[in-house]
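1. Predicted structure and sequence below. I'll ask about it afterward.
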Amino acid sequence: MAEEAVFDLVHMEAVSYVFQGEKISEDEAVAKLEHMGFATGYRLVERLTRESGRFKDELDIMKYICKDLWVTVYKKQIDNLRTNHQGVYVLHDNRFRFLSRMAAGKQYLQYAPRYLAFTCGLVRGCLANLGITCVVTAEVTQLPACKFQIQVQRG
Amino acid sequence: LRPADPKKVSGELFTLTYGSLVAQLLKDYENVDDVNRQLERMGYNIGMRLIEDFLARANPGRCYDLRDTADKIQQAFKLYLGVSPSIGSWNPGGDEFSVVLETNPLAEFVELPDHCLGLRYSNILAGIIRGACEMVQMEVMAWFIADQLKGDNVTEIRIKFVKRLEDAIPAGED
């Protein structure tokens, strides 16, 4: 099944939809994408983990996100996971799928964050359903590489 | 820690993403007619791009009549949504037919609330068909005439051939 092509295109349409029109601010548009991602991730992870065993700890869940979830959604694993062991995790993707078709170089760099918002929400949604409340932000370093930072909220 | 069927789940990813998108549109627009129109337009944009992927991946060859086209549409449903719709209900003129889905993967987890009965939830499919055909020089109309979400037995998309788009062929190629 070649559904990843359709998934990519639906995502692109979602991005261009939220940014159409002039009334809407960049922040509002990003928030909508993030929300769509959250709703998707929250439901998706429930189905993905239906048959999995219990996770050992927070790090185990993060590894799950980097491997299984990323493979399901983006057909590759996260390239590098770092943590300060105090609730901050940084996920490096050297070739993020939603950015991989953009022209490299600086010309479109300013638009790249639009293509990360859905995924930030997706990750936050997955983690929320696995019992971790967090804030997820993303940053483009050099196209098509990017990193996602997960900051776990405790207490 | 392996999902039972990763392929199935990644199909669900698309279904769930689409659901979030429709939910967002319903929040943004006041009436469902605007949502229907927006979904069709998004589908049209997707179809215009998806046809290239289809031509590259499935190498479907040239269509000699509308029955050929109907077969290719059936093939595309199989490729992209993992379902095999049946083709039928041709009109006597042979320029109109139906694509009938026994199960609609887009609507797998969906139940329409009462205030959304006018919503054509899967309208993106109609747009995709229209957009894809237009890129191969065919103007068609596509619309839903039955929807399982509204209690029908099957989901049925009607497709009508309008005309061949001659002008869009670049000079020197035919």
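-> Here it is on my side, so go on. Numbering: from 1, shown residues only, chains lettered A, B, ... in the order given.

2. Show the end-to-end separation of stretch B:102-112, please.
-> Start-to-end span of stretch B:102-112 (CA to CA, to the nearest Å) is 18 Å.

3. So which residues make contact with that stretch?
-> Residues from elsewhere that reach stretch B:102-112, judged by CB atoms under 8 Å, 6 or more residues apart in numbering or on different chains: A:43, B:11-12, B:14-16, B:18-19, B:81-83, B:85-86, B:119, B:121-122, B:124-125, B:147-150, B:154-155. All C-beta spots, glycine's among them, are computed from the backbone N, C-alpha and C.

4. how close does residue B:86 sit to chain A?
-> 19 Å (CB to the nearest CB, to the nearest Å).

5. Secondary structure element for the spatially closest residue to that residue that is not a sequence neighbour, which one?
-> Leaving aside its sequence neighbours, residue B:86 sits nearest to residue B:100 (CB to CB, 6 or more residues apart in numbering or on different chains; 4.8 Å). Per DSSP states H and E: residue B:100 is located in strand B:96-101.

6. chain center to that strand, what's the gap?
-> 11 Å (CA atoms, centre = their mean, to the nearest Å).

7. by contact count, what packs against that strand?
-> Counting contacts by 3 or more CB pairs under 8 Å, 6 or more residues apart in numbering or on different chains; DSSP states H and E, strand B:96-101 packs against helix B:66-81, strand B:86-88, strand B:155-164.

8. TSV please, covering the ones you listed and showing mean pLDDT.
-> Below are the helices and strands packed on strand B:96-101 laid out as TSV (pLDDT from 0 to 100):
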stretch	mean pLDDT
helix B:66-81	92
strand B:86-88	94
strand B:155-164	94
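
9. Dump those to a markdown table, plus mean neighbour count.
-> Converted to a markdown table, those look like this (neighbours: other CB atoms under 10 Å in any protein chain shown):
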| stretch | mean neighbour count |
| --- | --- |
| helix B:66-81 | 18 |
| strand B:86-88 | 14 |
| strand B:155-164 | 18 |
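
10. Next, find the distance separating the residue nearest to residue B:86 from residue B:106.
-> Relative to residue B:106, residue B:100 is positioned 15 Å away (CB to CB, to the nearest Å).

11. do residue A:122 as well
-> For residue A:122 relative to residue B:106 (CB to CB), the value is 19 Å.

12. just residue B:76 next, same as before
-> Per CB to CB, residue B:76 is found 14 Å from residue B:106.

13. OK, contacts around residue B:134?
-> Here residue B:134 is in contact with B:44, B:47-48, B:140, B:165 (CB under 8 Å, 6+ apart).

14. Check the secondary structure at it for me.
-> With DSSP: H, G, I helix; E, B strand; the rest coil as the basis, residue B:134 sits in helix.

15. From residue B:110, how far off is it?
-> Residue B:134 is 28 Å from residue B:110, by CB to CB.

16. How about residue A:79?
-> On the measure of CB to CB, residue A:79 and residue B:110 end up 36 Å apart.
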